[in-house]
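A.B. asks: whatever this is, show me its structure:
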Amino acid sequence: MRCVTHWRKPGPIQIIKGWLDENGKTQERIYDVAVSDGRNIGADGRCKTPVGNTVDVATASFTNTIGASELGTVWTDPDFDPGQKAFYYARSSRYPTPRWTTIDAFRFGVAIPEVRLCQHRNVPIHHRSGIHRENDKF
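C.D. replies: Below is the predicted model:
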C-alpha cells in the first residue's frame, strides 16, 4: 500500500511498476491513481480523458483555472506478488504551460516556434520490492 500526495496544481498522479518477466525482460505498467476535474480512472487503471489545457499560445499565457490544488490517494498494487522483484515510482504531471521559447517569442514579437507548450513532471518516490540480498542485480 502506498500513500501519494502532490500539491500546487498537479495533473494526474501515476504509479509506474517495473519488473522482470520469466524471460528476464523488463516489463512496465502505468497506473493512474489520482486525477482531478471529474475525470475517472477505468477498471484497467487508466484515465482515458486527457488532462486539460488553458494555454493561449497567441498571448503566451495560461489561466491556471483547472486541476486541483492538491491530489492524494492510498493505492495498493492489484497485481502485487511479494516474491516478484519489482520497482515502483510515482510521478505527477503539471498542467500544460507555455514553453519559455513561446513566452520569449511573444515578448520580442517574433514567430512563435513549433513546440509551444511544456508539461513538467515530478518524480518524488522510488521503491523496490522482492529484493532481499545485497548481491541481487535488478
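A.B. asks: pLDDT on stretch 73-89, on average?
C.D. replies: pLDDT averaged over stretch 73-89 equals 87, rounded to a whole number.
A.B. asks: now do stretch 50-60
C.D. replies: pLDDT averaged over stretch 50-60 equals 87, rounded to a whole number.
A.B. asks: any buried residues in that stretch, and which?
C.D. replies: Of the residues in stretch 50-60, those buried under the neighbour-count criterion (16 or more other CB atoms under 10 Å) are 51, 55, 60. Using the backbone N, CA and C atoms, a C-beta is placed for each residue, glycine as well.
A.B. asks: what helix or strand is the residue lying closest to the first one once chain neighbours are set aside on?
C.D. replies: Right, the one you point to is V51. In this structure, V51 finds its nearest non-sequential neighbour in G11, 4.6 Å apart by CB to CB, 6 or more residues apart in numbering. Assigned by DSSP states H and E, G11 falls within strand 10-20.
A.B. asks: tell me which residues are up against the strand or helix carrying D104.
C.D. replies: With secondary structure defined by DSSP H and E, D104 is part of helix 100-108. Contacts made with helix 100-108 from outside it, assessed by CB atoms under 8 Å, 6 or more residues apart in numbering, are listed as 57-60, 98, 111-113, 115-118.
A.B. asks: looking at those residues, which is nearest P82?
C.D. replies: Checking those against P82 with CB to CB, the nearest one is C118 at 39.2 Å.
A.B. asks: tally of neighbours for the closest one?
C.D. replies: By the measure other CB atoms under 10 Å, the count of residues near C118 is 14.
A.B. asks: for it, what are its contacts?
C.D. replies: Under the criterion of CB under 8 Å, 6+ apart, the neighbours of C118 are 96-100.
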